[in-house]
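J.: Build me a model from this:
(4 chains)
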Amino acid sequence: MIRDRLSGNAAVALAMKQINPDVVGAFPITPSTEIPEHFSQYVADGEVGTEFIAVESEHSAMSTCIGASAAGARAMTASSSAGLAYMYELLYVAASMRLPIVMTVANRALSGPININNDHSDSMGARDSGWIQMYAETNQEAYDNLIQAVIISERSRLPVMCCQDGFITSHGVSNIELLEDEVVREFVGEYEPENYLLKHENPLAVGPYGTSPYYMEVKREQAQAMKDSMPIILDVGRKYAELTGRSYKFFEEYMMDDADVAIVVMGSSAGTGKEAVDRLRAEGQRVGLIKLRTFRPFPRRPLAAAMCKVKAVAIMDKAESFSNSGGPLFNEARNSLYDLPAKPFAINYIYGLGGRDIRVEDYYNIFKELYIVLENDDPSDVYRYVGVRDSRFVDEEQRMVKEVYRPGAAKSYGQNREEYEV
Amino acid sequence: MYERKRHARDINEKSTWQELTVGAEIYEPATSLLVNTGEWRVNRPVFLEEKCKQCMLCFLYCPDSSVPVKDSKRLDFDYMHCKGCGICMTVCPFDAIKMVKEGAE
Amino acid sequence: MSGNNMVEFRWHGRGGQGAKTACMFLAEAAFNSGKDVQGFPEYGPERMGAPITAYNRISDSVCKVHSNIYDPDYVVVVDETLLKTVNVTKGIKPGGALIINTHRTADEIREQLKGVYDGRVCTVDAEKISVETLGKYFPNTPMLAAAVKVSKVIEEEQFIRDMEESFRNKFPTKPHLVEGNMNALKRTLKEFDAQ
Amino acid sequence: MAYDLKKEVNKKDRLAGGHRLCAGCGAGITVRTVLRALKEEDKAVVGNATSCLEVSTFMYPYTAYEDSYIHTAFENAAATMSGVEAAYNVLKRKGKIQDTFKFIVFGGDGGTYDIGFQSLSGALERGHDMVYVCYDNEAYMNTGIQRSSSTPRFADATTSPAGISLPGKQQNKKDLTAIVAAHGSPYVAQTTFLGNMKDLHEKAYKAIYTPGATFLNVLSPCPRGWRYEAENLPEICKLAVETCVWPMFEVEDGVWRLTYEPKKKLPVEEFLSKQGRFAHMFKPGNEWTIEETQKYVDKKWEELLYKCSRNA
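T.: Numbering: from 1, shown residues only, chains lettered A, B, ... in the order given. Down below sits the predicted model:
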C-alpha cells in the first residue's frame, strides 16, 4: 500500500494507468479534462499499452468505446455534464449491447444556465440508460470504485459509470492509499470476452434492428443483467477488501444502529454529513447517515432494511427532476420504504445545485427539521430545498432557512379528496 | 437454468427472453439465408441457358446475391432469395433471361 | 467549523499570483509531515487577475468535511489590494491570524481594518523577498513560509527539506528556480516575525 | 491488380441473399461489389450507419454478412469503426489476434453527407486504417425520401416537394467527394455501376488496401425514391455518367484523375427524363430548371477537368 496525496482526477487517471486498458477514446470537458490529459501523458511516456483516441466529440468518444469493446478490447472513457449529455444516445446502445465499458465521470451541472460546478444532474439524467452507477465520497473511493468497476462490468456484461463530485473531489487534493501497479493488474486480470468482432473462430454481428416480437425480450434480459449485478458487486467488494482492508457494498451505514433520524446522501457531501452526525452524537442525539454508493442497481431491499428502525429520514438530491414530486434519489429511496411495515417519514432535500456549498450547519438544520416532523407527527411538505435563498423565510445570513416548520397540509392530509386536488 | 439458443435457426418469435442471445448478438455468418425473400416476387426471371455466354453481368448486378456461380459458370437462379427485380434481364446482352409472371409457366 | 486538532487556512489572491499553488504546496508539505490534508481552490470561470480563494484543512485525523471554509484559523492574503474589495478577515477564529503580503506594518493594517477585524495580524514583504531572491515578483513562496511559521502546522526543518523536494519536482529542468524559491523560503522563515 | 472477372465471380459472396432491401436496390449491389474486392484470405469488420441497408441486412436474428458486423447509430459509423480499428491495432500488438482484418463502413447519404459528417471528418483527420463507403441514393430513403444535402437541385423529395411556387429542392448537391479529398485522405474516389463493374471493383480494392482512412462515393440508385422501374438501374447509372451528372474519378495522394470520360457528353435531360423525381422539370414553364441544371453540371465538369489536368 502506497501512502500518497492526489486530486480525484489524478487518482482516477492513475487507476486507469494501472488498469492499462486497450482503448481510451475521450474528449475534454471541465471538470474531467485532467483525466485524458494525465492519461495521454502516460501514453506519451510509454507507461501504458493503450490506443488513445483523441476524438472530435463525446458522441464519438462513446462510439469509439463501443466499437473497441465489441471488437474485444477493454475500453474506457471520461466525461462530465454536457459531454455526458451528448453521449446519452450511445449510453443506451452500449448497455443494450451489454458491453463492459467503464466511464469515469466528474459530476457537473447541466446547462442552462451554463455552470461548471458540481451537482448530479448529468449522471442522474443518464440513470435509466442501463449503466451501473457508483458514486464516490472521496478521492480514495473514486480510485477504489474505478478498479472494482472493471471487473464488475466484465462479469455482469454491463457498462459502469464511476462518479465523483466535480472540483470538490476531482480537483481537491487529499490523502489516498494506492495499490502497486502489479497488484491492480493482477486484480483486474485480462479481458476475455466469449464473442467479439475480431474473433478467429466465428464472426460476430452486433446492433441489429429489433422488431417488436424481439425488442421486449431483449429489454427484459437486460433488466435481468442489472438484477444479477447485485451479487457481483458485493463479491468484487469483498475481494477488494481482502486486498485493501477497505470494504465496499451498495451503501455505507454511519451510526445507524440506534438512529432515530437519518440522512440518505450520495457523493462528497456525505463526508460533511458524517461530521454533523459526529457532533450531534457528541450532544447525545441519535442521528445517523446512509451514504449510497450504487444508484444503479438500486439496492431497494437492503436500503429498506437499513432504514427499518428510523422514524424520519431526509433524502438528499443533488439534482432536480422537475417532477413536482422530488428528486430522483428521493423517489427511489422512498419507494424502497413503501414495503416496510412501519414506514419512517421521508423528506426530500434538493441541495448543492451548480456548486452551491452544503455545510455542517445545513445538516444540523435538516436534522432539526426531522425532529420537528416527528414532534408534529406530520411530514408537512416533503419536497424541500436547502441552501436556496427563499423570500418566504431567509435569515440575516441570506443562506439558511429560518422558519423551520413548513406550513403545509395538516395531519388530515390524504383523508379528504380535496387534499389531492392541488 | 434456461437454455440459451446459439443459432438463428433456433430463435423465433416464440423464443422467451431467457432463450435470446445476450445483447441480441449473432455469432454465426449469413443467417439471412434462412429468410425466404423469394415470396416477395411478382415477376420471375427465367434463365435460358442456351443463349447464355457466361458474361456474368447478371451475377454482378444482382442486389440479392441470387445468381449462383460455380467454376466461373452461372447456374440457375436462387429462387428462395431472388425478389424478381428484373435487373438481370435488362443487363443481359444476349436475351438469356426473360421475366414471366410469378406462377405462370 | 473544524474537528479536533484541525487547522484550517483560507487563501486570498488573484488568478496567476500562485495562491492556489501555495495552497497545494502547503497541503503537500503537511502531508509529508504525516498529516491528513485537504487542498482545494474555489473554482469558477474567473480568469487572470480576478480574486480567487483556496483552502487547506490540516489534521491528525481524517478530514471528512467537504464544504468550503467559513471560519478559518488563518487567512493568507497574497495581494493586499484585496483588502478593499474582499472581506478577507470574515470568520477568522479567535486565536487565529491574518497573514498578509504588504510593505506596511501590522499596525497600519490593523488601522485600516478598524471595526472590521481586531485579531492578530502578521505582515510579510513578499515582494521584497521574492524580487531579491528570485529576481521576480512571485509572492506565493514567501507567503507559504509565513503561513507555516505562524501556524506551526509543520516543523520548520522538515518543511525546508520537503519543499526542496517539491520544488525539484515542480521545476525539474530549472534548478535556478529551485534554489531561488528555497532562498525565498528560508529567508522568510528567518526574517519574518510571527509576532 | 488486374480485374479478372472470371476469377472474381468464384469468390464467396460476402453479402448473402435473404436480406430485406427493396427489389432492385442499388445498395445491395454496392455492398456486394465492394466486399468482393477483399482478398479471400482477409477477414473484415463491416460497419453500418443506421439506414435502409442496416435495417434490411441485420434484422435480429438474421445477418446478411459473412463477416463480423457492427451498427450502433445513425451519425457515428466512422467513429464506431475508429474504435474497432484501434482495438485491432492494440490486440494485434499484444499478439491476441493473428488474422488480418480490413474495416469497411457503409453509410447512406444521410449518415454520411449530413448527420454523420462530423464523425466522418474526425475519423478522416485521425487517419484510421479503414474505408468509408457512401452508398449515395440522394435522399433519406429509409424514412421516406426526405431531402438530404446530397439531393440534387430541383429533385422532388418529401421535404423539398415540387409545388406551385417551388420546383423541388432549392439547393445544389453538396460535393462531398471533394470535401473528403480536402481532408488529405490518401485515396478518395467517386463511382457507380458501369459495364462489368471494373471501375467500382478496382476503386474498392485500392480503397481497402491503401493504408489510412479512404473514401468511396458510390451512386446507388433507389427505384422507389427516384421513381423509375427497378430493372432500369443499369441505364440510369450509365446516363448519370454519360451526362457528367456523376463523373467517375479518383484522388490518389492529392492527384486527381478521371477514370472515365464520355465519348460524347449527353445533355442532362437524358438522365432527368427517366426519373419521376424530376418529372415536374419537364412541365411547360419549367424549362429554366433544366437549363440551370445543365449549367451547373457543365460548371462542375469543367472544374473537375481542370483539377485533373493540373496533375497531368
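
J.: any idea of the mean pLDDT for stretch D:171-183?
T.: The average pLDDT for stretch D:171-183 rounds to 98.

J.: Go through it and flag the buried ones.
T.: By neighbour count on 16 or more other C-beta atoms under 10 Å in any protein chain shown, the buried set for stretch D:171-183 is D:N172, D:K173, D:K174, D:D175, D:L176, D:T177, D:A178, D:I179, D:V180, D:A181. Placement of C-beta: from N, CA and C, glycine included.

J.: nearest spatial neighbour of the third one, skipping sequence neighbours?
T.: Counting by C-beta to C-beta, 6 or more residues apart in numbering or on different chains, the nearest residue to D:K174 once its immediate chain neighbours are dropped is D:S149, at 4.2 Å.

J.: for chain A, what are the nearby residues on chain B?
T.: Contact residues (C-beta under 8 Å from any C-beta of the partner chain) of chain B with chain A: B:13, B:15-18, B:20, B:22-29.

J.: That should have said chain C, apologies.
T.: C:1, C:3, C:24, C:27-28, C:31, C:36-41, C:43-45, C:62-68, C:70.

J.: Select from those residues every entry located in helices.
T.: Members of those lying in helices (criterion: DSSP state H): C:M24, C:A27, C:E28, C:F31.

J.: Measure how buried the third one is and give me the count.
T.: I take that to be C:E28. Residues contacting C:E28 under the criterion other C-beta atoms under 10 Å in any protein chain shown number 20.

J.: Would you check how far apart whatever residue of the stretch 151-300 of chain A ends up closest to chain C and A:L353 are?
T.: Closest residue of the stretch 151-300 of chain A to chain C, C-beta to the nearest C-beta: A:G172 (3.6 Å). For A:G172, the distance to A:L353 (C-beta to C-beta, to the nearest Å) stands at 19 Å.

J.: show me the contacts for residue 104.
T.: No chain was given, so I picked chain A. A:T104 makes contacts with A:V12, A:M16, A:S32, A:I35, A:M76, A:T77, A:A78, A:A142, A:L146, A:C162, A:Q164, as judged by C-beta atoms under 8 Å, 6 or more residues apart in numbering or on different chains.

J.: you looked at the wrong chain, it should be chain D
T.: D:I104 neighbours (C-beta under 8 Å, 6+ apart): D:V34, D:L35, D:A44, D:V45, D:V46, D:G47, D:M130, D:V131, D:V133, D:I208.

J.: Comparing A:G172 and A:L353, which residue is more hemmed in?
T.: A:G172 (26 against 20).

J.: At which residues are the strands of chain C located?
T.: C:7-14, C:36-41, C:51-59, C:74-77, C:97-101, C:120-124 (DSSP state E).

J.: same check, this time on chain B
T.: B:43-47, B:69-70, B:73-74, B:97-101.

J.: Got the confidence number for B:K98?
T.: So, for B:K98, pLDDT stands at 97.

J.: Could you report the neighbour count for it?
T.: Around B:K98 sit 15 other residues, with neighbours defined as other C-beta under 10 Å.

J.: Am I right that it is in contact with B:T90?
T.: No - using C-beta atoms under 8 Å, B:K98 makes no contact with B:T90, being 11.3 Å away.

J.: Just to confirm, which residue in chain C is farthest away from the center?
T.: Here the centre of chain C is the reference, and by C-alpha atoms, centre = their mean the most remote residue is C:T173, at 25.5 Å.

J.: Just the contacts of D:I104: which are in helices?
T.: D:V34, D:L35, D:I208.

J.: now C:L185: how far from chain B?
T.: Per C-beta to the nearest C-beta, to the nearest Å, C:L185 is found 59 Å from chain B.

J.: which residues sit in contact with the closest residue in space to that residue that isn't next to it in sequence?
T.: Spatial nearest neighbour of C:L185, excluding adjacent residues (C-beta to C-beta, 6+ apart): C:A145 at 4.7 Å. The contact partners of C:A145, taken as C-beta under 8 Å, 6+ apart, are C:F159, C:A184, C:L185, C:K186, C:T188, C:L189, C:F192.

J.: Out of the contacts of A:T104, which comes closest to chain D?
T.: Closest to chain D, out of all of the contacts of A:T104 and judged by C-beta to the nearest C-beta, is A:T77, at 10.2 Å.

J.: Report how many residues lie close to that closest one.
T.: Residues near A:T77, counting by other C-beta under 10 Å: 29.

J.: Tell me which helix or strand comes right after the helix or strand containing it.
T.: For A:T77, the host element (DSSP states H and E) is strand A:75-79. Sequence-wise, the next helix or strand downstream of strand A:75-79 (DSSP H and E) is helix A:81-96.

J.: could you pull out the helices for chain B?
T.: Using DSSP H, helices in chain B cover B:57-61, B:87-91.

J.: Take the ones you listed and write them to a markdown table, including mean neighbour count and mean pLDDT.
T.: As requested, the helices of chain B are exported to a markdown table (neighbours: other C-beta atoms under 10 Å in any protein chain shown; pLDDT from 0 to 100):
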| stretch | mean neighbour count | mean pLDDT |
| --- | --- | --- |
| helix B:57-61 | 24 | 98 |
| helix B:87-91 | 23 | 98 |
